[in-house]
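Q: Everything below, folded, please.
(one chain, ligands or ions: 1)
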Amino acid sequence: MFDFQITAQSGRARTATFVTPRGTVQTPMFMPVGTQGTVKGISPQELTDIGSQIVLANTYHLLLRPGPELVAAHGGLPGFTAYPGPFLTDSGGFQVMSLGHMRRITEEGVTFKSHLDGSSVYLSPERSVEVQQALGADIIMAFDECPPYPAEREYIQASLERTVRWLERCLTFKSREDQALFSIVQGGVHADLRQQSLDATLPFATPGFAIGGLAVGEGKTEMYEAVDYTAARLPSGKPRYLMGVGHPEDLVAGIALGVDMFDCVYPTRTGRFGYALTDDGRVNMNSSAPRSDLGPIDPECDCYACRHYTRAYLAHLIRAEEMLAPRMLSLHNLRYLHRLVERARAAIREDRYAEWAICWAERYFKGKN
Ligand SMILES: NCc1cc(CSc2ccccc2)c2nc(N)[nH]c(=O)c2c1
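A: I've put the predicted structure just below:
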């Protein structure tokens with residue numbers, strides 16, 4: 001089960017493979033977010049074609065609609081969505097906090113109001129694991145609290161201590177052996193609280209460890225310092241997952257710090273807003289320049305949009321509010337991030353990750369002030 005194997009190392013960056021019930025995956029990897037059981041506008045076949053490996057779904061959203069029972073009736077997310085997997089589901093806690101709906105957090109769990117119809121909904125460590133077992137993801141996440149930012153140090157400490165007690169309840173309740181439960185290290189941007197969370201979480205020896213509570217509004221410097229501190233103290237023989245991160249530069253930096261797994265809505269969300277990711281920075285396809293540009297979004301990209309369309313055509317689709325525009329820009333941006341980690345893996349295998357990362361960053365930020 002799981003079997004995380006490091007295949008190459010370059011500084012703290014590493015390539016690895018791990019086995020899931022639905023296939024062996026390669027890291028470092030970027031995982032597309034499919035909140036409601038779909039990566040917005042992208043079909044399962046397109047996801048496979050662009051190199052997606054693990055797709056994410058949201059316990060909070062799927063609990064509210066259509067409900068875990070319906071998904072279970074399809075044999076889980078792979079049957080429901082026709083994406084063969086592997087899947088990873090978040091535990092729901094973060095979405096409750098971030099959706100900011102009237103909620104009450106107690107030792108027992110969290111009661112909140114559905115953003116759909118205002119009805120009262122309850123999540124606890126046990127209920128979160130029960131729902132994730134029904135959804136049938138290959139990797140499930142411990143029910144944790146991602147403290148708001150900013151937050152008092154005392155709150156962050158009390159919160160991480162409760163997250164550890166919730167982790168124990170998740171593991172006690174968990175009954176499916178074919179799902180890997182990842183624990184989540186919290187502690188905000190405070191090194192000593194990160195250490196306290198590590199000291200309390202590592203003994204549970206879960207198959208993988210996530211770094212939570214970051215990319216919540218703290219500055220990049222604070223985020224990278226906390227990632228640096230935490231990643232270096234997680235076991236080298238287990239996958240390290242930096243939750244909700246991030247932009248291309250965050251992946252390049254995170255990989256350098258030893259992070260293996262990333263997820264973010266950024267590529268699909270910014271694509272829907274008309275922005276395209278390239279090695280020369282982000283291109284605003286809403287502006288006037290692309291309208292007369294008969295070149296591809298990115299001449300170095302092999303995605304369907306870059307092989308078939310000009311920037312002028314995509315700019316036209318955006319102005320015409322045609323649904324192919326957000327679809328193709330999302331597809332390109334996902335392929336861009338998958339290609340970015342593919343190139344990172346190649347650089348690690350050749351033990352030249354630092355050189356590659358610096359060269360990538362010099363070009364990517366060249367156009368920016
Ligand atoms: N912005 C950072 C972030 C993002 C997510 C969501 S990651 C995600 C999103 C959708 C589907 C699967 C995973 C988090 N989830 C949990 N459980 N804890 C965190 O501290 C945390 C921090």
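Q: any residue of stretch 209-222 up close to the ligand?
A: Yes. Using C-beta under 6 Å from any ligand atom, stretch 209-222 reaches the ligand at Gly212, Gly213, Ala215, Val216. For every residue, glycine as well, the C-beta is placed using N, CA and C.
Q: How is the closest residue to Cys146 other than its chain neighbours assigned, secondary-structure-wise?
A: Once flanking residues are discounted, Cys146 sits nearest to Phe94: 4.6 Å by C-beta to C-beta, 6 or more residues apart in numbering. Here Phe94 is recorded as helix under DSSP: H, G, I helix; E, B strand; the rest coil.
Q: re earlier: return the member of the residues of stretch 209-222 next to the ligand nearest to Ile42.
A: Among the residues of stretch 209-222 next to the ligand, Ala215 lies closest to Ile42 (C-beta to C-beta), at 22.6 Å.
Q: Please pull up the helix or strand immediately following the helix or strand Ile184 falls within.
A: Assigned by DSSP states H and E, Ile184 belongs to strand 180-185. Using DSSP H and E, the helix or strand that follows strand 180-185 in sequence is helix 191-201.
Q: Over that next one, what's the mean pLDDT, rounded is fine.
A: Mean pLDDT, computed over helix 191-201, is 99.
Q: Run through who's touching it.
A: 153, 156-157, 160-161, 163-164, 167, 183-188, 209, 225-226, 229-230, 233-234 (C-beta atoms under 8 Å, 6 or more residues apart in numbering).
Q: Name the residues of the lengthiest helix in the chain that come out as buried.
A: Counting by DSSP state H, the longest helix found in the chain is helix 324-349. Residues 325-342, 344-345, 347-348 are the ones in helix 324-349 that count as buried (16 or more other C-beta atoms under 10 Å).
Q: Please report phi then psi for the residue nearest the centre of the chain.
A: Central residue of the chain (C-alpha atoms, centre = their mean): Asp263, 1.6 Å from the mean position. Backbone torsions of Asp263, given as degrees, to the nearest 10, read phi -150, psi 150.
Q: What count of nearby residues applies to Glu154?
A: Neighbourhood size, Glu154 [other C-beta atoms under 10 Å]: 8.
Q: now Pro203
A: By other C-beta under 10 Å, 7 other residues sit near Pro203.
Q: Contact residues of the stretch 151-300 of the chain facing the ligand?
A: So the stretch 151-300 of the chain meets the ligand at Ile184, Gly212, Gly213, Ala215, Val216, Met243, Gly244, Asp263 (C-beta under 6 Å from any ligand atom).
Q: Need the residues you listed in CSV (columns: pLDDT).
A: Below are those laid out as CSV (pLDDT from 0 to 100):
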residue, pLDDT
Ile184, 98
Gly212, 98
Gly213, 97
Ala215, 96
Val216, 94
Met243, 98
Gly244, 97
Asp263, 98
